[in-house]
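>>> Attaching a predicted model along with its sequence, questions to come.
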Amino acid sequence: LCSPPPPTTADIISTVEFNHTGELLATGDKGGRVVIFQREPESKNAPHSQGEYDVYSTFQSHEPEFDYLKSLEIEEKINKIKWLPQQNAAHSLLSTNDKTIKLWKITERDKRPEGYNLKDEEGKLKDLSTVTSLQVPVLKPMDLMVEVSPRRVFANGHTYHINSISVNSDCETYMSADDLRINLWHLAITDRSFIFEEPEDPSNRSFFSEIISSVSDVKFSHSGRYMLTRDYLTVKVWDLNMEARPIETYQVHDYLRSKLCSLYENDCIFDKFECAWNGSDSVIMTGAYNNFFRMFDRNTKRDVTLEASRESSKPRAVLKPRRVCVGGKRRRDDISVDSLDFTKKILHTAWHPAENIIAIAATNNLYIFQDKVNSDMH
Amino acid sequence: MEVQKEAQRIMTLSVWKMYHSRMQRGGLRLHRSLQLSLVMRSARELYLSAKVGVQEPEVPSPPVRSPDPRLHPPREAEAAAKAAPGDGEQPSPEPMDTQEAPRAEEAPARCVQRPAKISRKRRSTSLSDGADAALVPSKKARLEEEEEGASSEALDRLQPPPAQAEGAFPNLARVLQRRFSGLLNCSPAASSPTASPACEAKPACRPADNMLNVLVRAVVAF
C-alpha cells in the first residue's frame, strides 16, 4: 500500500464550485490560479453538444507570501471558492488561501466606445487643430472580454489555516473557518447552536478512531432539511431536526478499515474528501482512491463506483461501473484492494445545482460528466 | 509482544511526522498536529500499559492507568490545546534535554538500569527501569547522564557532538533512521517511501538528541 508522494505541480486542482445557476464552474489550483468555465448555450446546429463547458476566464488569485514575523511561507494554494449570489450583470466570487480571502468581481465587456473627439483610436490626444467637427461617441460591439478585478481583500483575520468559507443568503455576510475558529465578516447574531455528533462505536475502536471520524466536509441539502457529512470511510445524512445520530450512513470504502495503519504511514488517512448532493437531494456523491468516485441513491439504496480517467472517458463514452473486490468471487474487471492507486484521489467534486452534470477533479485534471438520460426521469 | 511493537511503530511514525511537518510549506497545521498528537498519546499509553503488564511484581509502582486510556485523549487534547500558547502553529521551542537513547525495541540484554532516584516530579507511569524512562520528560536528565556513562550510546552523547560537521540534527537523524529501518524491516507490509527522511531534513535551529524526547515534547506542547 505504499505509494510515491503526490505530484506537487501548481496545476493540481484544489477546489471546484458551480455557481448558483450552474452556468459557471470555477476551479482553484495549488498555484493560486482560478479558472472559470462557462457552459455554452445549447445550439440547434449542434444538438449533441449539449452545453459543454469552455474556459471563460483565468486569473491569478493568490501569490505565495512570506510571513516574516513567524518565518513562514504562506502557500498560494486556493483552498475554497464560493460564488456570491448574483445581484447584477457582474459575477462575484470569494477565493481563499490559508490566510487571505479575496472578493473578485467578474465583468464582461462586449462593447466599446468609438469616436471620441479629443482622443484618437489609440487613446492619444488629438491635435486640437485637426478637430473640425464634433461627434457623439458610439458603442460598437467588440470581441467579448472578461475582466476580473479584486474588490476586497480580507487579510490578517486568521491565526490558523483557513479551510472553508460560506456565504450567507443575505449577500451581506459570510463566514470563514480555520482549524480552530470561525470568523464572521459582518456580524450576525445567533443565540443557539446545535452539535451533531454520533456516539462512537466501541467495537470499532483503534488508534486512528479520532482521525477517521474527523469530518472533512459538510453540505446542506438543497431543501435545507438535511445535512451531508463526509468522514474518512463513510458519508452520512443527518436530519437537521435530530442531532443524536445520522439518519443514513453509506460506506464509501470500508475495505480500508483494516489498512488504517498503512494509510497512516503514507498520510492518506489525512485526506479530506468532499461530498455533494444532486439537485433533488436524492443522490449523494463523493470521491475515493484510484480516481474512483461513488454515488449513492438514497431512494433505491443502490450505489455505483465510477472512474475518472482518460482511458475510460473518451468523449461521449458511457462510464462503466467499477468494482473493488475484497475477496470472494473476483470478476474480470475488478480491482483488488492492494492494487488501488492511493496517489490518485478524488478529493473535490461538485454537482450542478439543477441538472445531472458533475465536475470531478482528479489531481490536475478536471472531468465534467453529463447524464445522457432524459432528466425528466429523475 | 505484538501490541507493543505495533504501538511503538505508530509512536515512531507519529514522531517523525510531527518533526517533518515543521518543514512543510505553509507551516504547521493545527488540526493535523492535533490529530498526530492524539494518535501518539494513544499509542504511547497503550505501549506503556502493555509494558507495565509484563513488569515483575517486586518493582514498586504507582497504580496502573485505566486499561483503555484511548477513551480519554479527546478531552486531554482539548485541555492541552487550551493550555497551548495562543499561536499553536509552532510547538514551544524548548531545548531538548539530553537523554539516553531508548532501549525499548532492543533485546532485553541491553537494558540499562537507571539508579532509582526519586524525582520530585510526578511521573506519569510506573516505569523506573531505564528503558522507558526516556518516554517521560525529566528535567534531571543531563545530570544523571553524566553520572552513568555505562552504555556506548551515553558515551556517544558525551562526546562533542558532530553537529557542526553534519548539520543541526545529526543524532536525531541517526536515531530516526535506525529506528525506522529497524521497525520497518520487521514488518513485511510496509516499506515507507519516506524511510530515511531525517537524512534529508534541512537543518533547523536547535539540536535534538533523542527521538523520544521529540515525542514527549510534542505531546506536552499540545
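In hand now; what should we look at? Since this is a predicted model, take the numbers as computed values, not measurements.
>>> B:Leu28 is in contact with B:Arg22, isn't it?
Yes. B:Leu28 is within contact range of B:Arg22, at 6.2 Å (criterion: C-beta atoms under 8 Å). Using the backbone N, CA and C atoms, a C-beta is placed for each residue, glycine as well.
>>> Between these two, tell me which one has more neighbours.
B:Leu28 (19 against 16; other C-beta atoms under 10 Å in any protein chain shown).
>>> since we're on A:Thr107, how many residues are nearby?
Look at A:Thr107: counted by other C-beta under 10 Å, it has 14 neighbours.
>>> typo on my end, A:Ser57
19.
>>> which residues touch the helix or strand where it lies?
Using DSSP states H and E, A:Ser57 sits in strand A:53-60. Residues from elsewhere that reach strand A:53-60 (C-beta atoms under 8 Å, 6 or more residues apart in numbering or on different chains): A:24-25, A:32-40, A:104, A:106, A:146, A:148, A:368.
>>> change it to 10 Å
Contacting residues not belonging to strand A:53-60 are listed as A:22-27, A:31-40, A:76, A:91, A:95, A:104, A:106, A:108, A:144-150, A:357, A:359, A:366, A:368, A:370 [C-beta atoms under 10 Å, 6 or more residues apart in numbering or on different chains].
>>> Which of the residues you listed fall in helices?
The members of the contacts of strand A:53-60 all map outside helices under DSSP state H.
>>> out of the residues you listed, who's near chain B?
Of the residues in these, proximity to chain B by C-beta under 10 Å from any C-beta of the partner chain holds for A:Glu76.
>>> Give me the buried subset of the contacts of strand A:53-60.
Burial by neighbour count, judged by 16 or more other C-beta atoms under 10 Å in any protein chain shown, picks out A:22-27, A:31-39, A:76, A:91, A:95, A:104, A:106, A:146, A:148, A:357, A:359, A:366, A:368, A:370 from the contacts of strand A:53-60.
>>> A:Gln370 bridge partners, please.
Per DSSP bridges, the residues bridged to A:Gln370 are A:Ile357.
>>> Report the separation between it and A:Phe296.
For A:Gln370, the distance to A:Phe296 (C-beta to C-beta, to the nearest Å) stands at 20 Å.
>>> again, but for A:Asp178
Counting by C-beta to C-beta, the separation of A:Asp178 from A:Phe296 is 30 Å.
>>> same thing with B:Ser42?
31 Å.
>>> okay, now A:Ser14: neighbour count?
Around A:Ser14 there are 20 other residues, counting by other C-beta under 10 Å.
>>> Report the contact partners of it.
A:27-32, A:75, A:77-81, A:97, A:347-348, A:361.
>>> Try it again at 6 Å.
By C-beta atoms under 6 Å, 6 or more residues apart in numbering or on different chains, A:Ser14 lies in contact with A:28-30, A:77-78.
>>> I'd like the residues you listed as TSV, with pLDDT appended.
Shown next, in TSV, are the contacts of A:Ser14 (pLDDT from 0 to 100):
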residue	pLDDT
A:Gly28	97
A:Asp29	97
A:Lys30	96
A:Lys77	96
A:Ile78	97
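>>> any chance of those residues in TSV, with distance to chain B and neighbour count too?
As requested, the contacts of A:Ser14 are exported to TSV (distance: C-beta to the nearest C-beta, whole Å; neighbours: other C-beta atoms under 10 Å in any protein chain shown):
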residue	distance to chain B	neighbour count
A:Gly28	15	28
A:Asp29	15	22
A:Lys30	10	18
A:Lys77	8	21
A:Ile78	13	25
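>>> Show me these that map onto strands.
In strands, judged by DSSP state E, the following of those are found: A:28-29.
>>> Show me which residues of the stretch 51-200 of chain A are close to chain B?
Residues of the stretch 51-200 of chain A found near chain B (C-beta under 6 Å from any C-beta of the partner chain) are A:72-73, A:75, A:98, A:160-161, A:179.
>>> Kindly recompute the last result at 7 Å.
A:70, A:72-75, A:98, A:159-161, A:179-180 (C-beta under 7 Å from any C-beta of the partner chain).
>>> among these, which are in strands?
Secondary structure of these is defined by DSSP E; positions in strands are A:72-74.
>>> so what pLDDT did residue 38 get?
No chain specified, so I'll use chain A. Turning to A:Gln38, the model gives it a pLDDT of 96.
>>> actually chain B
Note on B:Leu38: pLDDT of 90.
>>> Check the secondary structure at it for me.
helix (DSSP: H, G, I helix; E, B strand; the rest coil).
>>> That one touches A:Ile212, doesn't it?
No. Counting by C-beta atoms under 7 Å, B:Leu38 stays clear of A:Ile212, with 11.6 Å between them.
>>> For those two, indicate the residue with more neighbours.
B:Leu38 (25 against 18).
>>> so how far is A:Asp98 from the more buried one?
With the distance defined as C-beta to C-beta, B:Leu38 ends up 22 Å from A:Asp98.
>>> mind checking the longest strand of chain A?
Every strand in chain A considered (DSSP E), the longest is strand A:138-154.
>>> For that one, what is the distance to the chain centroid?
The chain centre lies 24 Å from the centre of strand A:138-154; the measure is C-alpha atoms, centre = their mean, to the nearest Å.
>>> Identify all contacting residues around it.
A:56-57, A:59, A:100-115, A:185 (C-beta atoms under 7 Å, 6 or more residues apart in numbering or on different chains).
>>> Let's see that with 8 Å instead.
Strand A:138-154 is contacted from outside by A:36, A:56-57, A:59, A:92, A:100-115, A:176, A:185, using C-beta under 8 Å, 6+ apart.
>>> Any regions of chain B where pLDDT drops low?
Scanning chain B for pLDDT under 70 picks out the ranges B:55-222.
>>> now with 90?
Counting by pLDDT under 90, the ranges of chain B that qualify are B:1-6, B:19, B:21-31, B:41-42, B:44-222.
>>> swap in the stretch 251-378 of chain A?
A:309-320, A:326-333, A:371-378.
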